[in-house]
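Asks: got a predicted model here, sequence first, then my questions.
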Amino acid sequence: MRGWRTGRPPGHGPAMLVHLLYLLGFAAPFAALAGLVLAYVKRDEADAVARTHMDFAIRTFWLGLFMAVVGTILTLALIGWLLLAAWLVWTLTRTVSAMIRLDEGRPVRDVESAGFLA
């Protein structure tokens, strides 16, 4: 069954919203947390494609949080700034590539990957 407004399968709208909230999280950190909660709440209702995006977003959040915390701690040794810059690029590329794949109706290739692309 397709969504009545978008013509897309169920779960694609919430999955795109999760990705958008992650991007908004750079300006308002609690938006990323709201995206995480939405991904957990809606992933069981999503079709197979959207579910891969929800799982990918959840993994992106937790790995990103780990990288951000370690990077913040390591800023005292100055190397943390490089890790924080890498975290920024990593998060942006993962999120934008996932949005592109979702818009094309394609699942994330490897949900368990920690790579840069969805």
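Replies: Perfect, thanks for sending it.
Asks: now do the buried residues in the longest helix seen in the chain.
Replies: The longest helix of the chain (DSSP state H) is helix 48-74. Neighbour-count burial for helix 48-74 flags 49-61, 64, 67-68, 71 (criterion: 16 or more other CB atoms under 10 Å). C-beta coordinates here come from the backbone N, C-alpha and C atoms, glycine included.
Asks: and stretch 27-40, by the same measure?
Replies: Applying 16+ other CB under 10 Å to stretch 27-40 flags 31-32, 34-36, 38-39 as buried.
Asks: re earlier: which strands and helices sit next to the longest helix of the chain?
Replies: Applying 3 or more CB pairs under 8 Å, 6 or more residues apart in numbering; DSSP states H and E, one finds that helix 48-74 contacts helix 12-24, helix 29-42, helix 79-103.
Asks: contact partners for the nearest residue to residue 36 once chain neighbours are set aside?
Replies: Among residues not flanking residue 36 along the chain, residue 61 sits closest, at 4.7 Å (CB to CB, 6 or more residues apart in numbering). Applying CB atoms under 8 Å, 6 or more residues apart in numbering to residue 61 gives the contacts 22, 32, 35-36, 39.
Asks: could you identify the most distant pair in those residues?
Replies: For these, the farthest-apart pair by CB to CB is 32 and 39; their separation is 10.5 Å.
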